[in-house]
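Enquirer: Return a 3D structure for these sequence lines:
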Amino acid sequence: MKKFYLLSTLICAALFIAAESFAQNITTPRTPSPAAKVVQTIGISTVTVKYSRPSVRDREVWGVLVPYGWNKEGFGSGNDAPWRSGANENTVIKFSDEATIQGKKVPAGVYGLFFVINEDNTGEVIISKDHHAWGNYWYDPANDVMRADIQLREIPMTEMLTYDFINADKNSAELVLNWEKKQFPVKIEFAVDEIVMANAKDELKGVTGFSWQGYASAANYSLQNNINLEQGLVWADQAVAMNQNFNTLNVKAGILTAMGKTEEADKIIAEALPNATEGELNIYGYQLLGQQKFDKAIEIFEMNTKKHPESANAWDSLGEAYALKGDKKNAIKNFKKSLSMDPPANVRANSEKYLKQLGEM
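Expert: Prediction:
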């Protein structure tokens, strides 16, 4: 009996030790610097920042909590180190495509993000290959991908450290770190048109390439952004080969016009117009208005009213073309024709707006 008791005790002890070796704590909230993530799309590229958010909590931040300049950490590599630009682990920044940071190229990838602040409100942004470490204790300048100077800004009080994106446009945005009364701005740019075109080539190798719409949309992007028109024409030809309709022929004609081949473009449009729908003619007419080709636009809208005399929208569009050309008499005539046909609310609103501008209401 004693032997059995001793054996049971040994087994229990072994199980307890094994359980201890595999034990893990449950997941609990991280305090006092919670984790956060912010993502911004620029063009079709993304920038992702993952960080921890310390609070001021009545502490003196700049020059004390965050030292000015480069500082030596008490342990780790012992190197002069920049600020980790957050709390806990390294702040991590990810670029889905090659980016230009403060004027310097950075390949697509995942990086550590560091800052330096000086007493005169100047500073540096540092992008480092080292994104796995805890804080800046093992910072190694050999891992830097780029450094660039920045100029800090004064802002209203921000209690919790916050990353945000501001001043976004087609090709760029500013990543800003806001904390206490300081803002650290970093301009991030992408070669959006080149990235879209390269991505289109890849997408057209997949399921997108099985439809004419994929090739037409790629060709249209080339046209609208005046980039790599030769490639755009290849895509337009493929779209036409798959489905010869007004949309595919129109985008091909547009590219040919942009390339200076107007005679060939005009011939294609002339062949395409008889088969265009009301909506396609309307869109093409407004396309011409956008190019300030008023007489040509009027010709297209008149064609639409002849093909679709029951359409209040067709008469409204014709009136708008005359109004933009400055032909008040014909503009009023066609707007009133549209209103006489009990048009939809949006068409009625447009006709009435122009008639008021023309002094007829």
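Enquirer: just the strands in this protein please.
Expert: 35-42, 45-52, 71-72, 80-81, 92-95, 99-101, 104-106, 109-117, 122-128, 144-151, 153-166, 172-189 (DSSP state E).
Enquirer: so who does the closest residue to T257 other than its chain neighbours touch?
Expert: Counting by C-beta to C-beta, 6 or more residues apart in numbering, A265 is the residue found nearest to T257 once chain neighbours are left out, at 4.3 Å. C-beta here means a position set from N, CA and C on the backbone, and glycine is covered the same way. Counting by C-beta atoms under 8 Å, 6 or more residues apart in numbering, A265 touches K252, A253, G254, L256, T257.
Enquirer: And the pLDDT for A265?
Expert: Per-residue confidence (pLDDT) for A265: 97.
Enquirer: swap in the one 3 residues further on?
Expert: Note on I268: pLDDT of 97.
Enquirer: what's the neighbour count on it?
Expert: 20 (other C-beta atoms under 10 Å).
Enquirer: any idea how far it lies from Q231?
Expert: 19 Å (C-beta to C-beta, to the nearest Å).
Enquirer: domains of the protein?
Expert: Listed domain ranges for the chain are 35-190, 193-357 (source: automatic domain parsing).
Enquirer: As JSON lines, those with distance to I26 would be great.
Expert: As requested, the domains of the chain are exported to JSON lines (distance: least, C-beta to C-beta, whole Å):
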{"stretch": "domain 35-190", "distance to I26": "16"}
{"stretch": "domain 193-357", "distance to I26": "42"}
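Enquirer: which one of those domains lies closest to N25?
Expert: Among the domains of the chain, the nearest to N25 by C-beta to C-beta is domain 35-190 (16.4 Å).
Enquirer: tell me how far the ends of that closest one are from each other?
Expert: Using C-alpha to C-alpha, to the nearest Å, the end-to-end distance of domain 35-190 comes out at 27 Å.
Enquirer: mean confidence score for it?
Expert: For domain 35-190, mean pLDDT rounds to 93.
Enquirer: how far does that domain sit from the chain's center?
Expert: Counting by C-alpha atoms, centre = their mean, to the nearest Å, domain 35-190 is centred 21 Å from the centre of its parent chain.
Enquirer: going forward, begin numbering at 18 instead of 1
Expert: Okay, residue one is now 18; in that scheme the one you just asked about reads as domain 52-207.
Enquirer: Now do the helices in the protein.
Expert: 19-39, 209-220, 229-241, 246-259, 263-275, 279-289, 295-307, 311-324, 329-342, 345-356, 362-374 (DSSP state H).
Enquirer: Can you mark which positions in the second one are buried?
Expert: Spelled out, that is helix 209-220. Under the neighbour-count criterion of 16 or more other C-beta atoms under 10 Å, helix 209-220 has V209, D210, I212, V213, M214, A217 buried.
Enquirer: okay, these in JSON lines with distance to M320 next?
Expert: Shown next, in JSON lines, are the buried residues of helix 209-220 (distance: C-beta to C-beta, whole Å):
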{"residue": "V209", "distance to M320": "37"}
{"residue": "D210", "distance to M320": "34"}
{"residue": "I212", "distance to M320": "39"}
{"residue": "V213", "distance to M320": "34"}
{"residue": "M214", "distance to M320": "34"}
{"residue": "A217", "distance to M320": "33"}
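Enquirer: Nearest to T65 among those residues?
Expert: For the buried residues of helix 209-220, the closest approach to T65 (C-beta to C-beta) belongs to I212, at 16.4 Å.
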